[in-house]
Every structure is written in C-alpha cells, then in structure tokens.
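*Asks:* Fold the following.
(one chain, ligands or ions: 1)
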Amino acid sequence: MQSLLDDLQTVMDGAFQPSHPGSLAHLDPPPLTASIAAELICAGLNNNLLAEELSPGLSNLEQQLCGWFCSRLGLPEQSGGVLASGGTLSNLMGLVVARSASVADNGVFLCSRDAHVSLQKAAIVMGLPAEALQQLPVDVNGTLSTVSLEEKLQSLKADGIPCHAVVATAGTTVRGAVDPLEDIADLCAHHGIWLHVDAAIGGVFALSSTTSWLMKGLNRADSITLNPQKLLGITKTSSLFLVRDKARLRRAFATGLPYMESPTGEHHGGEVGLQGTRPAEVLKLWLGLRQLGENGITAVLEGALDRRRLLMQHLSSDDLELLSGDLHLLAFRPRCSDADQSREWSDTTRSRLLHAGFLLSRPQYDGHHWLKAVLGNPHTTREHLRQLADLIQFDLPR
Ligand SMILES: Cc1ncc(COP(=O)(O)O)c(C=O)c1O
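*Replies:* Numbering: from 1, shown residues only. Next comes the predicted model:
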C-alpha cells in the first residue's frame, strides 16, 4: 500500500494544477467540490447511460437537465439533448445530425477561419473530402464575416452544391469572439440551412440573466455544443449537445438495442448520441450547478468577464496589440514585432511568467505567436492581475 501511495504521489506531483491562482493558460478552471464528489459517487454507482435499465434514475436526470438547459437557452418545447464526453464529440454529432437532416448527402459545411479544429476532425471521421469543410474569412473583430457567408451561400446555390450546415462559433478558442448569431440565423433561415452553434466556450453565458445578452441569437440554432467543463468548474468531461427538435437525435443515431428492454421513459441514452456505454456525467453537472446556485453561476460568469476587463485595462494598447471579444479570453503580442520577434518574445515572456507562478498559453494566430490569458480562474485576484500585467510589460520590444 505504501509503495502504491508513493507512486500515486509521483503522479500527482507531475499533474497540472488548475486550482493555482496563476493557472490562466486554458479553458480548464478549478473543479467544484460538489462536482468532484459527484464524480466519486458516479464511479461507485457505476451506472451506464447506454440504456435505461442500467441507469434508470440517472437517464431520467440527464433528460431533465438537458431540458433545463434548453429552456434556459430559449429553445422550444420539443428541444432536448444528450451529454457527451467533450466538445469534440458534440461538434461531431452536430455535423452528423445536420447532414442526416439534409436532403442531399454530398454537400458542404461552412464555418469561419477561427472555428475550432474539432470540426476538421469531425469531417475526417465522417469521411468527407477536404473541400467539404469550407472556412470563411473573419472580420477585424475575429467574427465570421456575414458578407462572405452571404456570397458563399449564393455561389453554392448557383453551382448547385448543397450546404448541410453553417457552423457559427460563440466564443473562439484564441480570442473568445462571438460570431453574429442573429445575422447568421437570418441567413440560414432565408436559405433553409441548418445552423449549428459551437458554443463550447460561450454557451454558459446564456445561463445568467446578466450575461445572456452575450449569446443573443443562440436560441435560433438548430443544434448547439455547450461545455460546462470550460468555465463552470464541472470536472472533465462535461459537454452537452442540444437540438431544437429532439426527434432529430433518434433519426440520426437510433439503431435499436435488441439486447435491452424497451425504455419506459423517452429513450435509451445510447440511441440519441454517438457514444454507447458511458458514465453518468450528468451527476457532476447537476451537483456542481446545485452547489453554485443561480447566484454562484452569475458570480463565476461575471467574475471571469471582470478579470478580463481588468487585465486589459492594465495592459498598454500603445505597446501591445490586444485581441479579445466579449468573453473572458485575451491574447496579446508587442505591436511592433515581426513573426520572429513575436515568437521569441512570447517564448521568453512565457518562461518568465512561469517562474513567477503564472501559466499563459502561446497560440499561433495570423502568422504570429501570441500570449493568451483565459480569465476563468476564480482564485486569481486583482492583485495577481496587476502583478501579471507588470511582468508582461517588463521588457517589451519598442
Ligand atoms: C470553440 C471550441 N469548440 C470545441 C472545442 C473542443 O472541446 P473539447 O476539448 O472538450 O473536445 C474547443 C476546445 O477548446 C473549443 O475551444
């Protein structure tokens, strides 16, 4: 037992620490206590969301919680969803469901240049040719250009090429930009095209009345990816795939489960999504949300936005090019740097910050290396942010 504990300690010593106040690199916040406890209980129960008879209460809880999310987001009565082990899977389901709802099966998907790489993975898994996922330009604020989208939809129509779906992003990975959801929804409605919104990052902002304006238009989506793991502190993995019409899920994924009893409730969990056997990830989501409560959810969301605004105020826009949207992500690099200089600056600055107890990430974007802070860590104080800004600006090339 002692040697086992020693080995476990070694593994734990080598782990990334999301609870450290300087942990600001990615969308991996500190876990909520209730969510950790639920994870343990979930393992103890060892239920299986594949089929109702293997998880009677938890299957029901999942359907109810998806319904709660749908109603918070303003989706209609017939909406619903399923939990998934991460946003990559939810996005894959988004493309699969959109294609299954389409009359043709050889069409294209449109998204912005800044959309997440998981869409490319989805296209690979679906066996699509490279040209089936077309990336459109973004405007200066990093959001999908609706002018380009309109032009592309017109030219596809003229060429007789079907479009299975437009994928809008509500919170891009590098700068947290939110595509103009209302305008995109109008275009999709006009052309009769499925709208999938990858709201893996931004979707949770729809949960609070004080931040829901950031997700205006999300309720017009046909399907949505939303990841509570990215900001709310629900232990990984926690993603939801929500659809405007839940009958679409069965249409895309139902195979029949001849080795199971028919469900007495709505459906088997294994017939409304890609995964078969899967854990009851709903438990940690439900318990985590209950721990936070309405006020706690609002505090997490507003706290993240406040920290981003504060860090932005501390950074000089004369010396740094700042990239952000309305959410809690902020990327920056020295204004007067070419590609080599920004690579070198971001590398040395990242190391200096790490020595001082701050972990930032170093994404590549627009031909440059940037430093990126994700301000979703509630342990990061105002004083930490002031200190961080001083360290960032200590040695800027001018
Ligand atoms: C916008 C966006 N969508 C989807 C994903 C994929 O989510 P996951 O890492 O949970 O698979 C990410 C991951 O960072 C993301 O930023």
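*Asks:* those strands in this structure, which residues are they?
*Replies:* Secondary structure of the chain (DSSP state E): strands at 80-84, 108-112, 133-136, 163-169, 194-199, 223-226, 239-243, 320-324, 329-334, 364-365, 368-369, 371-374.
*Asks:* Compare those strands and report which one is nearest to the ligand.
*Replies:* strand 194-199 (4.7 Å; Cβ to the nearest ligand atom). Using the backbone N, CA and C atoms, a C-beta is placed for each residue, glycine as well.
*Asks:* ok, the closest one: who's next to it in the sheet?
*Replies:* If you go by DSSP bridges, strand 194-199 pairs up with strand 163-169 (parallel), strand 223-226 (parallel).
*Asks:* most packed of these?
*Replies:* The highest average neighbour count among the strands paired with strand 194-199, using mean count of other Cβ atoms under 10 Å, belongs to strand 223-226 at a mean of 30.
*Asks:* what are the C-alpha coordinates of that one, in PDB please?
*Replies:* Backbone C-alpha positions of strand 223-226 (Å, rounded to 0.1, in the frame of the first residue of the first chain) are rendered in PDB as follows:
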ATOM      1  CA  SER A 223     -28.100  22.400 -32.700                       C
ATOM      2  CA  ILE A 224     -25.600  23.600 -30.100                       C
ATOM      3  CA  THR A 225     -22.400  22.400 -28.400                       C
ATOM      4  CA  LEU A 226     -22.000  23.700 -24.900                       C
END
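*Asks:* ok, for the residue of the chain found nearest the ligand, nearest residue in space, not its chain neighbours?
*Replies:* Using Cβ to the nearest ligand atom, the closest approach of the chain to the ligand is made by Gly87 at 2.6 Å. Leaving aside its sequence neighbours, Gly87 sits nearest to Ala200 (Cβ to Cβ, 6 or more residues apart in numbering; 3.8 Å).
*Asks:* Next, that neighbour: phi, psi?
*Replies:* Dihedral angles of Ala200 (phi, psi; degrees, to the nearest 10) stand at phi -50, psi -40.
*Asks:* contacting residues for it?
*Replies:* By Cβ atoms under 8 Å, 6 or more residues apart in numbering, the contact list for Ala200 reads 87, 90-91, 116, 171, 225-227, 230, 239.
*Asks:* circling back to that earlier point, the residue of the chain closest to the ligand touches Ser118, doesn't it?
*Replies:* Yes - judged on Cβ atoms under 8 Å, Gly87 makes contact with Ser118 at a distance of 6.3 Å.
*Asks:* Among these two, which residue is more densely surrounded?
*Replies:* Gly87 (27 against 21; other Cβ atoms under 10 Å).
*Asks:* which residues does the more buried one contact?
*Replies:* 116, 118, 198, 200, 225, 227, 230, 239.
*Asks:* Could you list which of the residues you listed also contact the ligand?
*Replies:* Filtering the contacts of Gly87 for proximity to the ligand by Cβ under 6 Å from any ligand atom leaves 116, 118, 198, 200, 227, 239.
*Asks:* Excluding chain neighbours, what is closest to the first one?
*Replies:* Spelled out, it's His116. Spatial nearest neighbour of His116, excluding adjacent residues (Cβ to Cβ, 6+ apart): Thr173 at 5.5 Å.
*Asks:* ok so, going back, who touches both of Gly87 and Ser118?
*Replies:* Common contacts of Gly87 and Ser118, defined by Cβ under 8 Å, 6+ apart, comprise Asp198.
*Asks:* Report the contact partners of Ala123.
*Replies:* Contacts of Ala123 (Cβ under 8 Å, 6+ apart): 95, 109, 130, 132-133.
*Asks:* any idea which of those residues is least confident?
*Replies:* By pLDDT, Ala130 ranks lowest within the contacts of Ala123, coming in at 92.
*Asks:* Now do it: how many residues are near it, please.
*Replies:* Using other Cβ under 10 Å, Ala130 has 9 neighbouring residues.
*Asks:* Now it. Nearest residue, chain neighbours left out?
*Replies:* Sequence neighbours aside, Ala123 is the residue nearest to Ala130 in space, at 7.8 Å (criterion: Cβ to Cβ, 6+ apart).
*Asks:* now the one you found: how far from Ala177?
*Replies:* Note on Ala123: its distance to Ala177, by Cβ to Cβ, to the nearest Å, is 22 Å.
*Asks:* Where do the helices of the stretch 1-150 of the chain begin and end?
*Replies:* 2-13, 33-45, 56-73, 87-100, 118-125, 146-159 (DSSP state H, counting those that start in this stretch).
*Asks:* Just name the most buried of those.
*Replies:* Across the helices of the stretch 1-150 of the chain, averaging neighbours per residue (mean count of other Cβ under 10 Å) puts helix 87-100 on top, at a mean of 24.
*Asks:* ok, residues contacting stretch 302-311?
*Replies:* 176, 208, 210-211, 231, 324, 326-330, 373, 375-376, 378, 380, 382, 385, 388-389.
*Asks:* Buried subset of those residues, written for ChimeraX?
*Replies:* Burial among the contacts of stretch 302-311 is assessed by 16 or more other Cβ atoms under 10 Å; the matching ChimeraX selection reads:
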select :176,208,211,231,324,326,327,328,329,330,373,375,376,378,380,385,388,389
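*Asks:* From what I see, Gln120 and Leu133 are in contact.
*Replies:* Yes - the criterion here is Cβ under 8 Å, and Gln120 meets it with Leu133 at 6.2 Å.
*Asks:* anything in contact with each of these two?
*Replies:* With Cβ under 8 Å, 6+ apart as the test, Gln120 and Leu133 reach no residue in common.
*Asks:* pretty sure Arg343 contacts Leu371?
*Replies:* No - Arg343 lies out of contact with Leu371 (Cβ under 8 Å); the separation is 11.3 Å.
*Asks:* Can you name the residues of the chain that neighbour the ligand?
*Replies:* Counting by Cβ under 6 Å from any ligand atom, the chain sits next to the ligand at 27, 86-88, 91, 116, 118, 169, 171, 173, 198, 200-201, 227, 239.
*Asks:* if I look at the residue nearest to Gly87, how far off is Ser85?
*Replies:* In terms of Cβ to Cβ, Ala200 sits 13 Å off from Ser85.
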